[in-house]
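J.: Sequence first, then the predicted structure, then my questions.
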Amino acid sequence: MRSTFSTLVLNTFSLILPLFSACEPKFSEGDGAIYFTEEDLPPPIELIGKKYNIPEIINPRGLMLKNGLAVVVERKNEYDDKFHVIELESGRYIRSKGIHGLGPGEITVISQIEDAGEENKVWAYDPEVRKFSKYNLSDSSKLAEEEFRSPETEFFITRATWAKDQTLLATLVHGWTKYLHLTTSGDTLTTFGNWKDMIKGRELPNNYKEDDLDANLVSTVFQGTLKGNPGKKYFVNAGMVADFIEIIDLDNRSSKLIYGPRHELPEFKISYSMGYQMADFGWSSTSRYMDVYPGDKSIFVLFNGKTYQELSDPDNLNRIFEFDYEGNILNHYQLDYPVSGIEVDEKNRAIYAVTVDREPNLARFDY
């Protein structure tokens, strides 16, 4: 069972985004970040989704693409068939994977599934037991063929994504350090970034001062979805509660921050759990960037801007913002389905997503 602390950490995501022009980014002289507002976005391009009809998909949470296949992850807890493998061109359902349990090759829940560069193989992460599991998409076994526990380190890891040479890049809480690059055995390669920089000079909710907030609270406010581009040079952390996108150059251990379309921090109150400060966002908080796809030359971020209760609202559908790696806004896409996860086929100019409407499924948007 997930500890109270890690449950609160994983459910308390937040960030922020700055203001910026559709043609030229607007840099802050104070922090060097890029800021944009709704007015800086180019006119939206309407994308018409083509939904697949795959009855095995029940309640999808996300997906990834690999070798002409879509791997669709379910929000399943105490059931088998944690993810499905679908042939994109034909829409043919190939197989499901994942046996529920704590035994060898079994898994309890999948929060993310990724490609580490191995032929026909994908890695799933189970946050309940902090375990990585490798699956072969080509065979019929539903069990993982290899697995290892999240490395033991002096840091508390919230999210981790695959980097070059079978290493991991992770976001941290319970300390001011933002990022940890490490081996799968737990050896630290480098650490960089400071969560305190995210609140310097900012107006805080409820008249809080910077010294009122500890590292645990600030880091959980600015947690997000972390993914790397195909070459694993660039990584993007997109805020789930606060409007921010951080473009990370792992080779240089540097990053570029984009804030927007809102610039203020989300409203929160300080609460405590097991002696740790936690951010209480209340019931009216909105989720911001629900997913991100860092491509070869540009970044696609899925913007929500709705409360959880409004997730499937047909009158307030998701949008996708496309940036280049310098922070320039390239495109603004309006979807015609509510979705919760995206992947992009840049070669064929297709965005794939999992929908969260009355009949959830896989959908394709040509752009």
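T.: That came through fine. Everything quoted here is computed from the prediction, not taken from an experiment.

J.: which residues touch the residue nearest the centre of the chain?
T.: The centroid of the chain falls nearest to Thr225 when counting by C-alpha atoms, centre = their mean (2.2 Å). Contacts for Thr225 (C-beta atoms under 8 Å, 6 or more residues apart in numbering) come out as 159, 237-238, 240, 289-292. Backbone N, C-alpha and C define where each C-beta goes, glycine included.

J.: what do you get for Leu180?
T.: Neighbours of Leu180 in contact, by C-beta under 8 Å, 6+ apart: 153, 155, 157, 169-172, 188, 190-191.

J.: So it belongs to a strand, correct?
T.: Yes: counting by DSSP: H, G, I helix; E, B strand; the rest coil, Leu180 is part of a strand.

J.: where's the nearest residue to it once chain neighbours are set aside relative to Ala70, distance?
T.: Nearest residue to Leu180, sequence neighbours excluded (C-beta to C-beta, 6 or more residues apart in numbering): Ala170, at 4.7 Å. Distance of Ala170 to Ala70, given as C-beta to C-beta, to the nearest Å: 26 Å.

J.: give me phi/psi at Glu38?
T.: phi -60, psi -40 (degrees, to the nearest 10).

J.: How about it: what's its closest non-neighbour residue?
T.: Pro261 (4.8 Å).

J.: helix or strand for the one you found, which one?
T.: In this structure, Pro261 sits in neither a helix nor a strand according to DSSP states H and E.

J.: isn't it right up against Ala242?
T.: No: between Pro261 and Ala242 there is no contact under C-beta atoms under 8 Å: 11.8 Å.

J.: out of those two, which sits in the busier spot?
T.: Between Pro261 and Ala242, Ala242 has the larger neighbour count (other C-beta atoms under 10 Å), namely 24 against 21.

J.: Which pLDDT value goes with that one?
T.: Note for Ala242: predicted pLDDT of 95.

J.: got it, and the one 10 residues further on?
T.: The pLDDT attached to Asn252 in the predicted structure is 93.

J.: Please, which helix or strand holds it?
T.: Going by DSSP H and E, Asn252 is not in any helix or strand.

J.: number of nearby residues for it?
T.: 9.

J.: Next up, the contacts around it.
T.: With C-beta under 8 Å, 6+ apart, Asn252 has no contacts at all.

J.: go on, Gly175?
T.: So Gly175 contacts 155-156, 215, 219 (C-beta under 8 Å, 6+ apart).

J.: repeat for Asn361
T.: 51-54, 57, 60, 354-355.

J.: Of those residues, which is the nearest to Met198?
T.: Of all those, Val354 has the smallest distance to Met198: 29.8 Å, by C-beta to C-beta.

J.: pLDDT wise, what is the closest one at?
T.: At Val354, pLDDT is 98.

J.: how much space between it and Leu47?
T.: Taking C-beta to C-beta, one finds Val354 at 15 Å from Leu47.

J.: These two: which has the busier surroundings?
T.: A direct count of neighbours by other C-beta under 10 Å for Val354 and Leu47 places Val354 higher, at 26 against 19.

J.: list the contacts for the more buried one?
T.: 57, 60-63, 72, 339-341, 360-363.

J.: redo that, cut-off 10 Å
T.: 52, 57, 59-63, 70, 72-74, 291, 337, 339-343, 360-363 (C-beta atoms under 10 Å, 6 or more residues apart in numbering).

J.: Of those residues, grab the buried ones for PyMOL.
T.: One line in PyMOL is enough to select the buried members of the contacts of Val354, burial here meaning 16 or more other C-beta atoms under 10 Å:
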select buried, resi 52+57+60+61+62+63+70+72+73+74+291+337+339+340+341+342+343+360+361+362+363
